[in-house]
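Colleague: what follows is a predicted structure for the sequence shown.
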Amino acid sequence: MRRRRYTSDLTRQQFKRIEALLPACKAGGRPRKVEMYEVVCAILYVLQNGCTWRNLPHDFPAWQTVYGYFRRFQRDGTWEAVNRFLLRRTRKKAGRNPEPSAGILDAQTVRCTPQAGLRGVDAGKKTNGRKRHIVVDTLGLLLVVFVTAGSVQDRVGAPILLGSLAKRFPQLRYIWADGGYSGELVAWAKQVLSWVVEIVKGVAGQRGFVVLPRRWVVERTLAWFTRSRRLTRDYEGLPETTEAWFYLANIRLMLRRLEPAP
């Protein structure tokens, strides 16, 4: 008997887009008995609803199995690889060059739950938690994410993030960022990466929220992702786990663009 569909589920057509990208069974191991479609839907259920693994509905595979696949694909880089693959397909469908040449950089600080590990106080936001440093393309699609303690300044985390970005997207040449990244980062990016980092400054006398050129794109992406309850706070013991959830949130977003649900 087939289970009833959850709103977090992928359609079968959406799953076909990534099925071949998921690693096969280990050589010499037991045949895989679980259906990978159900495993991926269960992982997205946790992402969307923010529940603990042990509280997965019983019509999904056993939570230990689902969690095991999530961790395995996190450690071997599968989620990030699927994100890069779909990114190129989504950009091509939107009439863009599959390889991005420009991006927008920003960071978001969120509170940690009591069990989360690494943390620090963001003095500017007066928040004790973690900071998510991200770069998105001009469509708002996630290119790369790097999670640190909240006490790490934006301009300190940015060189690590941009260095990782340069390896994955060699055609990138231009980055927009806010005033928190001004100073040495601009010169470093020019000298080391041959990139232009343009600082988008706020409007003089600005009070309250104002939509700023280019910066609104990355802020919109962060808003998209925090609609997933697993990302409203940081529940994870390891920063790498939070990064995996970011890639999964972006994967789901791109699949819905590539294969809209009927």
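Modeller: Sure, I can see it.

Colleague: quick one: the helices in this protein?
Modeller: 12-19, 36-49, 63-75, 78-93, 154-168, 184-188, 215-225, 239-258 (DSSP state H).

Colleague: tell me what angle the fourth one forms with helix 12-19.
Modeller: Think helix 78-93. Per axes from the mean of the first three to the mean of the last three C-alpha atoms, to 10 degrees, the angle that helix 78-93 makes with helix 12-19 is 120 degrees.

Colleague: what about helix 78-93, distance to the chain center?
Modeller: Taking C-alpha atoms, centre = their mean, to the nearest Å, one finds helix 78-93 lying 12 Å from the centre of the chain it belongs to.

Colleague: that helix packs against which elements?
Modeller: Packing partners of helix 78-93 (3 or more C-beta pairs under 8 Å, 6 or more residues apart in numbering; DSSP states H and E): helix 12-19, strand 142-149, helix 239-258. C-beta coordinates here come from the backbone N, C-alpha and C atoms, glycine included.

Colleague: tell me the most buried of those?
Modeller: Highest mean neighbour count of those: strand 142-149, a mean of 23 (counted as mean count of other C-beta atoms under 10 Å).

Colleague: ok, it: who's next to it in the sheet?
Modeller: Note on strand 142-149: by DSSP bridges, its sheet partners are strand 127-136 (antiparallel).

Colleague: averaged pLDDT, the strand it pairs with. What do you get?
Modeller: Averaging pLDDT along strand 127-136 yields 94.

Colleague: try stretch 59-77
Modeller: Mean per-residue pLDDT for stretch 59-77: 96.

Colleague: ok, now stretch 240-258?
Modeller: According to the model, stretch 240-258 has a mean pLDDT of 97.

Colleague: need the helices of the chain in CSV (columns: distance to V135).
Modeller: Output for the helices of the chain, formatted as CSV (distance: least, C-beta to C-beta, whole Å):
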stretch, distance to V135
helix 12-19, 22
helix 36-49, 21
helix 63-75, 20
helix 78-93, 12
helix 154-168, 6
helix 184-188, 13
helix 215-225, 8
helix 239-258, 11
